[in-house]
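1. Coordinates for the following, if possible.
(chains A and B)
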Amino acid sequence: DTEVTQTPKHLVMGMTNKKSLKCEQHMGHRAMYWYKQKAKKPPELMFVYSYEKLSINESVPSRFSPECPNSSLLNLHLHALQPEDSALYLCASSQGTGGGKVTEAFFGQGTRLTVV
Amino acid sequence: AQSVTQLGSHVSVSEGALVLLRCNYSSSVPPYLFWYVQYPNQGLQLLLKYTSAATLVKGINGFEAEFKKSETSFHLTKPSAHMSDAAEYFCAVTKYNFNKFYFGSGTKLNVKP
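-> Model prediction:
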């Protein structure tokens, strides 16, 4: 199973709503990522979890709150978003760099978020 | 700092023609390089990766890339384009012991009948 599963696929939310994006992988990967991708742009890194601990936060506003409940799951909690936060949110995982090995990141299909 | 530069935001080829998508990297240490493809409203799919084992790397769907240290390049090629190759292509770099993938700006490939 080389799949990263993201739910929901589409989400429309108001600026006062609270919602969560979910991501799951069963490849035994120990690094998990959230990326944000605006139209016609490359993915921009938001957060990295390594061995279930937040290791990188790319100065993301606090209205985005990541959570890694266990080694297979990654959540992104959303609160009080702005219309400019509308984008494709991609989750990814990789084996991690333990053992002296760099491997590729596997991406989910993304959640298309629209903030109204 | 790690970075990659993709020359040409749009490339258009005829079906059956050679595909060449350019990627140059900037790295102070040996990099690990990747090419990903993205179809509209989908995630990224790995085409191939370079992790120092061999300079010529073969990937899926007939794509390959050659790592050239002297030119700091990792260009993606395919001998004969197919209509299904039309997509956005991203070059990415990371390095050992660093959980961070940097993406190039992307190249949109158009394949004409």
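
2. Neighbouring strands - and their directions - for the helix-or-strand element of chain B with minimal mean pLDDT?
-> Lowest mean confidence among the helices and strands of chain B (mean pLDDT, DSSP states H and E): strand B:98-103, at a mean of 79. Applying DSSP bridges to the sheet, strand B:98-103 is found paired with strand B:87-95 (antiparallel).

3. Off-centre distance for the partner strand?
-> Distance of strand B:87-95 from its chain centroid, counting by CA atoms, centre = their mean, to the nearest Å, is 5 Å.

4. on contacts alone, who are the packing partners of the helix or strand where residue B:25 lies?
-> Secondary structure from DSSP states H and E places residue B:25 in strand B:24-26. On a contact count with 3 or more CB pairs under 8 Å, 6 or more residues apart in numbering or on different chains; DSSP states H and E, strand B:24-26 meets strand B:3-5, strand B:73-78. Every residue, glycine included, has its C-beta placed from N, CA and C.

5. check contacts around the residue minimising distance to the centre of chain B.
-> Central residue of chain B (CA atoms, centre = their mean): residue B:35, 3.5 Å from the mean position. The contact partners of residue B:35, by CB atoms under 8 Å, 6 or more residues apart in numbering or on different chains, come to B:21, B:23, B:46-49, B:59, B:63, B:65, B:74, B:76, B:89-92.

6. where are the low-confidence patches of chain B?
-> B:1-2, B:28-30, B:95-98 (pLDDT under 70).

7. again, only using 90
-> Residues of chain B meeting the criterion pLDDT under 90: B:1-3, B:26-32, B:40-42, B:50-55, B:69-70, B:93-102.

8. same deal with chain A?
-> Counting by pLDDT under 90, the ranges of chain A that qualify are A:1-2, A:40, A:55-58, A:95-104.

9. Just give me the residue closest to the centre of it.
-> Taking CA atoms, centre = their mean, the centroid of chain A lies closest to residue A:34, which sits 2.6 Å from it.

10. sec struct for residue A:11, please.
-> strand (DSSP: H, G, I helix; E, B strand; the rest coil).

11. Secondary structure element for the nearest residue to it once chain neighbours are set aside, which one?
-> Distance criterion CB to CB, 6 or more residues apart in numbering or on different chains; nearest residue to residue A:11, sequence neighbours excluded, is residue A:113 at 5.0 Å. Assessed by DSSP H and E, residue A:113 sits inside strand A:111-115.

12. Chain B contacts on chain A?
-> Contact residues (CB under 8 Å from any CB of the partner chain) of chain A with chain B: A:4, A:6, A:31, A:33, A:40-43, A:45, A:48, A:50, A:55-56, A:88, A:90, A:92, A:94, A:96-97, A:100, A:102, A:104-110, A:112.

13. So which of these are in helices?
-> Among these, no residue falls in helices (DSSP state H).

14. Quick check: strands, which of those are part of them?
-> Secondary structure assignment by DSSP state E places A:4, A:6, A:31, A:33, A:45, A:48, A:50, A:55-56, A:88, A:90, A:92, A:94, A:106-107, A:112 of these in strands.

15. Quickly name whichever of those is closest to chain B.
-> Chain B lies nearest to residue A:107 out of those, by CB to the nearest CB, at 3.9 Å.
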